[in-house]
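Chemist: Got a sequence here, can you build the structure:
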Amino acid sequence: MDFAKLTGQPAVIDESLEAFEFKPEGYENGAGEPLVLTLHPAGGTRFKKAVRKMHIKVTRSGKEAEETSGDMTEDELEAEIRTQDSRTSELLARCCDGWNMTDGKKPIPYTVENGTELFKQVEPLRSEVDGAMTARGKSTKAKKTA
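Modeler: Residues are numbered from 1 along each chain as shown. Reported below is the predicted structural model:
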């Protein structure tokens with residue numbers, strides 16, 4: 001029985017169809033070739049799933065629930081920036097299917113952990129990937145105003 005048709009909802013989406021290749025300018029893969037990443041757009045199926053996973057992870061960590069009294073010290077601010085950058089890197093890594101990275105000879109397998117480390121260590125690449133995913137994302141509909 002096709003429940004999607006019964007409920008009037010769209011069928012299950014093949015999220016691999018949403019993926020696109022992105023070649024950030026100025027980055028190489030370890031073998032001297034341009035870096036190629038397979039990404040999913042912001043607002044797409046994979047992105048929504050990754051956001052839900054990150055929300056669960058952050059909620060379970062309990063750090064969001066803690067209240068800080070008074071102003072944060074400079075060290076606490078820096079630590080929070082690193083934490084937020086790490087979360088952004090992981091979200092981007094979860095929206096990536098693969099890459100053509102090598103150690104010069106052998107391919108380096110893509111994992112969420114490897115992707116997270118790349119995006120944490122190379123902030124300009126993280127920003128460029130974020131921009132590409134956002135640009136390819138589903139456009140929001142403008143609200144009609146009276």
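Chemist: Please, which helix or strand holds the residue nearest the centre of the chain?
Modeler: Central residue of the chain (Cα atoms, centre = their mean): Leu92, 1.7 Å from the mean position. In this assignment (DSSP states H and E), Leu92 forms part of helix 74-94.
Chemist: Give me the helices and strands touching that helix, please.
Modeler: With contacts defined as 3 or more Cβ pairs under 8 Å, 6 or more residues apart in numbering; DSSP states H and E, helix 74-94 has these neighbours: helix 45-61, helix 112-121, helix 123-136. No exception for glycine: its C-beta is placed from N, CA and C like everyone else's.
Chemist: Return the member of the ones you listed having the minimum mean pLDDT.
Modeler: Sorting the helices and strands packed on helix 74-94 by mean pLDDT places helix 45-61 lowest, at a mean of 81.
Chemist: Same question for that one: list its buried residues.
Modeler: Across helix 45-61, burial judged by 16 or more other Cβ atoms under 10 Å covers Thr45, Arg46, Phe47, Ala50.
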